[in-house]
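>>> Got a predicted structure here, sequence first:
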Amino acid sequence: MDTIGLILTKENAPNTSFMEEIPAYLTSLYNNGDIVYNYNIPTIKGKLGNFDVSITDDSVKIKNGSLQKFIDKNNISPFGLNRIKQAFELLADTIHLPINNAKVLNFDFAKPITLKHDVSLYLNYFGNLNHFKRLEQPTGINYKNGYRELCIYNKITELKNHREFIPPLYQNANLIRLEMRYKRNLCKYFNVPAITPKILTNEDFYINLCNDLYNNYTKIDKLKTFKIDMSNITTKEQYKKLGVLKLIEEQGGKLEALKGIEERSKKGILTRKQKGDLIKLINECSQMKLQTIESELITELNQKVKESIKYYR
């Protein structure tokens, strides 16, 4: 759980005077705590840690901040269900409001995964995702539609670009981050009447979030998933013959390739020597094996995503 937006209304805290009591608990206040008018509504604005807070007589809105940074001061390490619960408890204790009853406006759910190689090598394999628009970003790839966004990016590079603190454990890590951003229509998407922090910290709902992230990842087209096994190809002659072998297979195999040679010979297109040379080449190349192996990068990433994210019931 990372960036989140919450709103708590008067019905959730009927005995609290928002504008009189809550500003005292904020980290800082804008305009020295003076009232401003937002759409003609008297409002006090400030910060609570890394969150923006807007307070009116009828509501308290907490937004534009990372729940993990609020408790851990970073959002790079694993952030499991128990720690998410602790973060909401800290938020409630700090602002003195029943946060568990607040309405969730939007939230991000992410998992970091440590890889063997530079993240950019893995990103080269990511193609399209149905019903999402693919957008290349400086540190990764975003898949976006009107309601949700799946972001896959190099977390370390992003932190360096923003000059944010990187814990020593991760400073030299190849860390990819998979992040689902749920922006609107949350209740309809999850088929629930309301989403609150209490719902977000429910174990079954948490499992659904993990599986939703995993399922969306698996639906991405992986470009160039298979490649020719070049482990035994060391000379230019072998390389050339591998190309001929691929051409033979494209024609339907050795027998069809030889039929093609015979037909061209009978038409007078090939001389006897040319025919003999081509038949010899086809026979030689056909002794080689054209194998495909799955990219070790995608194999590694798929396995680690499965181990880190997918939950089994």
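That came through fine.

>>> which stretches of the stretch 51-200 of the chain form strands?
Ranges of strands in the stretch 51-200 of the chain, per DSSP state E, counting those that start in this stretch, are 51-55, 59-66, 103-115, 133-136, 140-144, 148-154, 174-182.

>>> Can I get these in CSV including distance to Gly253?
Heads up, the C-betas are built off the backbone N, CA and C, glycines and all. Below are the strands of the stretch 51-200 of the chain laid out as CSV (distance: least, Cβ to Cβ, whole Å):
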stretch, distance to Gly253
strand 51-55, 65
strand 59-66, 58
strand 103-115, 39
strand 133-136, 37
strand 140-144, 39
strand 148-154, 40
strand 174-182, 41
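
>>> JSON lines please, covering the ones you listed and showing mean neighbour count and distance to Glu20.
Output for the strands of the stretch 51-200 of the chain, formatted as JSON lines (neighbours: other Cβ atoms under 10 Å; distance: least, Cβ to Cβ, whole Å):
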{"stretch": "strand 51-55", "mean neighbour count": "22", "distance to Glu20": "10"}
{"stretch": "strand 59-66", "mean neighbour count": "20", "distance to Glu20": "12"}
{"stretch": "strand 103-115", "mean neighbour count": "19", "distance to Glu20": "22"}
{"stretch": "strand 133-136", "mean neighbour count": "12", "distance to Glu20": "45"}
{"stretch": "strand 140-144", "mean neighbour count": "19", "distance to Glu20": "41"}
{"stretch": "strand 148-154", "mean neighbour count": "21", "distance to Glu20": "38"}
{"stretch": "strand 174-182", "mean neighbour count": "21", "distance to Glu20": "33"}
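
>>> quick one: which of these is nearest Lys241?
For the strands of the stretch 51-200 of the chain, proximity to Lys241 was assessed by Cβ to Cβ; strand 103-115 is nearest, at 35.0 Å.

>>> What's the separation between the most centrally placed residue in the chain and Asn31?
Nearest to the mean C-alpha position of the chain, by Cα atoms, centre = their mean, lies Leu178 at 2.7 Å. Applying Cβ to Cβ, to the nearest Å, the value for Leu178 to Asn31 is 39 Å.

>>> ditto for Leu105
24 Å.

>>> now do Cys151
Counting by Cβ to Cβ, the gap from Cys151 to Asn31 is 34 Å.

>>> now do Val60
According to Cβ to Cβ, Val60 and Asn31 sit 17 Å apart.

>>> now swap in Asn15 and tell me
From Asn15 to Asn31 the distance is 27 Å (Cβ to Cβ).

>>> Among those two, which residue is more densely surrounded?
Asn31 (10 against 6; other Cβ atoms under 10 Å).

>>> Pull the contacting residues for the more buried one.
Lys45 (Cβ atoms under 8 Å, 6 or more residues apart in numbering).

>>> from here on, count from 26
Sure, I'll start counting at 26 from here, so that last one is Asn56.

>>> gap between it and Ala49?
Taking Cβ to Cβ, one finds Asn56 at 16 Å from Ala49.

>>> same deal with Ile177?
42 Å.

>>> same check, this time on His156
46 Å.

>>> follow-up on the earlier one: is the residue nearest to the centre of the chain in contact with Lys331, as I believe?
No - under the criterion of Cβ atoms under 8 Å, Leu203 makes no contact with Lys331, lying 11.7 Å away.

>>> Surely Met205 and Asn236 touch.
No - using Cβ under 8 Å, Met205 makes no contact with Asn236, being 11.0 Å away.

>>> related to what we said a few turns ago, mind putting the strands of the stretch 76-225 of the chain into CSV with mean pLDDT and distance to Val61?
Below are the strands of the stretch 76-225 of the chain laid out as CSV (pLDDT from 0 to 100; distance: least, Cβ to Cβ, whole Å):
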stretch, mean pLDDT, distance to Val61
strand 76-80, 96, 9
strand 84-91, 95, 14
strand 128-140, 95, 21
strand 158-161, 93, 35
strand 165-169, 95, 32
strand 173-179, 96, 31
strand 199-207, 95, 29
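
>>> So, low pLDDT: which residues of this protein?
249-253, 315-319, 337-338 (pLDDT under 70).

>>> Not counting sequence-adjacent ones, nearest residue to Asn126?
Asn37 (4.4 Å; Cβ to Cβ, 6 or more residues apart in numbering).

>>> Right, I'll call it a day here.
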